[in-house]
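>>> Below are the sequence and a predicted model for it; my questions follow.
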Amino acid sequence: MAAPGPAQALTPAQARQAQQALALLQGGQAARALESARALAAAAPAAPDALQLLAMCLAESAADAEAERAFRQAIALAPAQPLLLVNFATWLRKAGRRDEALAFFTQATQAAPTFAKGWIERGRAAASLGLHAQARDALAQGVRLAPDDAVAWHALGNAHRALGDLEAAESALARAVALAPHVAAACTNLGVVQRLRGRPEEAVATLQRVAAGQATPEHADALAGALLDTGRVADALALARATVRAHPQFVPGHATLAHLRWEYADAAPGEDAIEGLREAHRARPQDVPLRLALVDFLATAKQHAEALAHVRDLRRGDDAPMLVYMEADLLDRLGDTTAAAPLYASAASVLGEGHLAFINAYTRFLLRTGDPAAAAARSEAALRLDAANQEAWAYLGTAWRLLGDARELWLCDAERLVGLVEVEPPAGYTDLDAFLADLRATLEPLHQAAREPLQQSLRGGSQTSGRLFGRPEPAIAAAQSSLQRAVERWIATLPDDPKHPFLRRKQDSVRIVGSWSVRLWSAGRHVNHIHPEGWMSSAFYVALPPSLGAETAGGQSGYFQVGQPPEELGLDLPPRRVLRPGPGKLALFPSYFWHGTVPFEDAHPRLTIAFDMQPQAATR
């Protein structure tokens, strides 16, 4: 391709012709607009504006190859024209070429650093690629240049949320809602963030601002969750039922209703969670995402044989690697490792280097089938993709332990990296007992579930809905403050080790990323598990049964244990450390440590608060 000559400006008459053609295009008369644009480009072949108009008309007419050629010819003549670069990038994004789109949006901001649209679209493009830090930075510049752009504030709020900064997310989304209160999506996302910050009453109020005619199924699903967090279980169930009736194609709504029916069975008598999903599938047998939701629920509920039948039926129509992986995993869970092995190997040829969930699943299989060396190699591959992946570190430590590798004691040093610390009573309380009594009286009414959540570690108990910290109850706010101080004191005692995956990330404080309360009933326990969303995790003991410490077949009743892999791995490895809980004490440990509890038999429940943390610098 020859180097372009100098760019040509349109004459006043040609500029009027361009405006007329653009009006035709915007008025839905694409054929007439294209005819005029072709004539203009022929008369002014070196005019970037004429070529850009031609490209836009060609794009509207689905002449993609010609449209791209015209765009690139225009950019060759005017490589620093920001609107031209943004329009071409927008076309690339619509064509699914998101990486290329981001590059041209970036070029637009470099060419015109004060062009707000360039920064805003650059941020939105980065977000579409999962580059949330880049998105946040670009959108922050966009709102500085265009402080009244509601779309930009909305996108910035979503970027902050994706990065876990819920305070900044709420601030940005609130600004978006103030600028465009009629935009349902902004209200929905603001309500979701308020719920995540532990303020469900505010979330309900925000979500209920959206008019019924504007409400999307996503909005209804968010409102059902917020209603549940406020204790309005019947209202949440009613809304979830209405959502799936009105939007049968909305798969998350079916999942929400199933989980509500499962966990709050007392409030939904005669409504079987699994049968509800089966009925939804029978009504929409060709809806693959809905069927996969049924498979996921069945597998989580340990109905592995039925889940396997569905996956095998799906594979008859589409032998995708993900379905191969799912069949392998289900066979493994059913104990048929011989049949699972070749399927895992087949899926690994496609998914084995870039799919974290598959790599971790394959690692579990290798540990279960007695190949710790291969499991270690798989874990190391997962950590090359995500150096902070807690599941991969847990499996790597387990593989090293089976191999007798001394690095396991360095990675999983339960004496050095597990703390059981005293928590001081918050201001306003005369002593710890008074605080714990107030906290217990606050927490117990929040436990409305008839049984444990399906996807959690507890067995024989209940878990509070939504985020605990952030709720308005004074005792909960006081607990958060005291627990934060206790965590910071313990962090200060940890050694430095720039090579250790836990210690190298420590700072002087933490950001709490999840919080909840658990009440275990008699015979209840936590099965051994990890916390994949955390860096450090915890258990704060509010009330304990009198039988704590009694000798049982499994150890000492109600004790906390770390270092023992989960039962499904089939490994005969004892805990590395067992601790006696105490009211007012806080257990702290790396989130990748296997941990659980010994069952207890007692009429009195075991009440705790748990929270996950990510490191951050102290702000005070």
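Received the coordinates, thanks. Numbering: from 1, shown residues only.

>>> Let me see the ranges of the helices in the stretch 451-600 of the chain.
Taking DSSP state H, counting those that start in this stretch to define them, one finds helices in the stretch 451-600 of the chain at 474-491.

>>> quick one: the strands in it?
Using DSSP state E, counting those that start in this stretch, the strands of the stretch 451-600 of the chain run over 458-463, 509-526, 536-543, 551-552, 555-556, 560-562, 577-579, 585-590, 595-597.

>>> how about the ones you listed in JSON lines, adding distance to Ala162, mean pLDDT and mean neighbour count?
All C-beta spots, glycine's among them, are computed from the backbone N, C-alpha and C. Listed next are these as JSON lines, based on distance: least, Cβ to Cβ, whole Å; pLDDT from 0 to 100; neighbours: other Cβ atoms under 10 Å:
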{"stretch": "strand 458-463", "distance to Ala162": "25", "mean pLDDT": "74", "mean neighbour count": "21"}
{"stretch": "strand 509-526", "distance to Ala162": "13", "mean pLDDT": "82", "mean neighbour count": "21"}
{"stretch": "strand 536-543", "distance to Ala162": "21", "mean pLDDT": "95", "mean neighbour count": "23"}
{"stretch": "strand 551-552", "distance to Ala162": "44", "mean pLDDT": "61", "mean neighbour count": "12"}
{"stretch": "strand 555-556", "distance to Ala162": "41", "mean pLDDT": "72", "mean neighbour count": "17"}
{"stretch": "strand 560-562", "distance to Ala162": "31", "mean pLDDT": "93", "mean neighbour count": "22"}
{"stretch": "strand 577-579", "distance to Ala162": "36", "mean pLDDT": "93", "mean neighbour count": "18"}
{"stretch": "strand 585-590", "distance to Ala162": "24", "mean pLDDT": "96", "mean neighbour count": "24"}
{"stretch": "strand 595-597", "distance to Ala162": "28", "mean pLDDT": "89", "mean neighbour count": "25"}
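
>>> can you list the weak-confidence ranges in the stretch 351-500 of the chain?
450-460 (pLDDT under 70).

>>> can you rerun that using 80?
For the stretch 351-500 of the chain, residues meeting the criterion pLDDT under 80 lie at 449-461.

>>> Include distance to Gly354 when you put the strands of the stretch 451-600 of the chain into a markdown table, please.
Shown next, in a markdown table, are those (distance: least, Cβ to Cβ, whole Å):
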| stretch | distance to Gly354 |
| --- | --- |
| strand 458-463 | 33 |
| strand 509-526 | 26 |
| strand 536-543 | 28 |
| strand 551-552 | 45 |
| strand 555-556 | 41 |
| strand 560-562 | 32 |
| strand 577-579 | 36 |
| strand 585-590 | 26 |
| strand 595-597 | 30 |
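
>>> Out of those, which is closest to Asp266?
strand 458-463 (11.0 Å; Cβ to Cβ).

>>> Kindly export stretch 415-433 (C-alpha atoms) in PDB.
Listed next in PDB are the C-alpha coordinates belonging to stretch 415-433 (Å, rounded to 0.1, in the frame of the first residue of the first chain):
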ATOM      1  CA  GLU A 415       2.500 -22.900  64.400                       C
ATOM      2  CA  ARG A 416       3.800 -19.700  62.800                       C
ATOM      3  CA  LEU A 417       0.900 -18.700  60.600                       C
ATOM      4  CA  VAL A 418      -2.200 -19.600  62.700                       C
ATOM      5  CA  GLY A 419      -3.200 -17.300  65.600                       C
ATOM      6  CA  LEU A 420      -5.800 -17.500  68.300                       C
ATOM      7  CA  VAL A 421      -5.900 -14.000  69.800                       C
ATOM      8  CA  GLU A 422      -7.900 -12.300  72.400                       C
ATOM      9  CA  VAL A 423     -10.400  -9.600  71.300                       C
ATOM     10  CA  GLU A 424     -10.800  -6.600  73.500                       C
ATOM     11  CA  PRO A 425     -14.400  -5.500  74.300                       C
ATOM     12  CA  PRO A 426     -15.400  -2.500  72.200                       C
ATOM     13  CA  ALA A 427     -15.900   1.000  73.700                       C
ATOM     14  CA  GLY A 428     -19.100   1.300  75.600                       C
ATOM     15  CA  TYR A 429     -19.000  -2.200  77.100                       C
ATOM     16  CA  THR A 430     -17.900  -2.900  80.600                       C
ATOM     17  CA  ASP A 431     -16.400  -6.300  79.800                       C
ATOM     18  CA  LEU A 432     -16.200  -9.000  77.200                       C
ATOM     19  CA  ASP A 433     -19.100 -11.000  78.600                       C
END
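
>>> let's number from 605 now, not from 1
Noted, 605 is the first residue going forward, which turns the last one into stretch 1019-1037.

>>> next one: stretch 1065-1073 to chain centre, how far?
Between the centre of stretch 1065-1073 and the centre of its host chain there is 18 Å, according to Cα atoms, centre = their mean, to the nearest Å.

>>> what does it contact?
Stretch 1065-1073 is contacted by residues 799-802, 804, 829-830, 832-833, 1047, 1050-1057, 1060, 1080-1081, 1084, 1116, 1118-1125, 1128, 1209-1210, 1213, 1215 when judged by Cβ atoms under 8 Å, 6 or more residues apart in numbering.

>>> Buried only: go through those residues for me.
799-802, 804, 829-830, 832-833, 1047, 1050-1053, 1055-1057, 1080, 1084, 1116, 1118-1125, 1128, 1209-1210, 1213, 1215 (16 or more other Cβ atoms under 10 Å).

>>> Arg882 is in contact with Leu898, isn't it?
Yes - between Arg882 and Leu898 there is a contact at 6.7 Å, judged by Cβ atoms under 8 Å.

>>> These two: which has the busier surroundings?
For the pair Arg882 and Leu898, the greater number of neighbours falls to Leu898 (25 against 15), based on other Cβ atoms under 10 Å.

>>> Domain map for this structure?
605-645+652-662+669-674, 1020-1220 (automatic domain parsing).

>>> Output those domains as JSON lines; include the columns distance to Pro856.
Below are the domains of the chain laid out as JSON lines (distance: least, Cβ to Cβ, whole Å):
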{"stretch": "domain 605-645+652-662+669-674", "distance to Pro856": "35"}
{"stretch": "domain 1020-1220", "distance to Pro856": "14"}
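
>>> and Arg748, which of those is closest to it?
Closest to Arg748 of those is domain 1020-1220 (Cβ to Cβ; 24.2 Å).

>>> Endpoints of that closest one, how far apart?
End-to-end span of domain 1020-1220 (Cα to Cα, to the nearest Å): 21 Å.

>>> For burial, what's the neighbour tally of Leu706?
Count around Leu706 with other Cβ under 10 Å applied: 26.

>>> Quick one: residues contacting it.
By Cβ under 8 Å, 6+ apart, Leu706 lies in contact with Ala693, Arg726, Ala729, Ala730, Leu733, Leu735.

>>> what's the helix or strand hosting Tyr966 in contact with?
Per DSSP states H and E: Tyr966 is located in helix 960-972. Here helix 960-972 makes contact (Cβ under 8 Å, 6+ apart) with 929, 932-933, 936, 941, 944-945, 948, 951-952, 955-956, 976, 978-979, 982-983, 985-986, 989-990, 993, 995-996, 999, 1002-1003, 1006, 1169, 1172-1175.

>>> Where helices are concerned, which of the residues you listed count?
929, 932-933, 936, 941, 944-945, 948, 951-952, 955, 976, 978-979, 982-983, 985-986, 989, 995-996, 999, 1002-1003, 1006 (DSSP state H).
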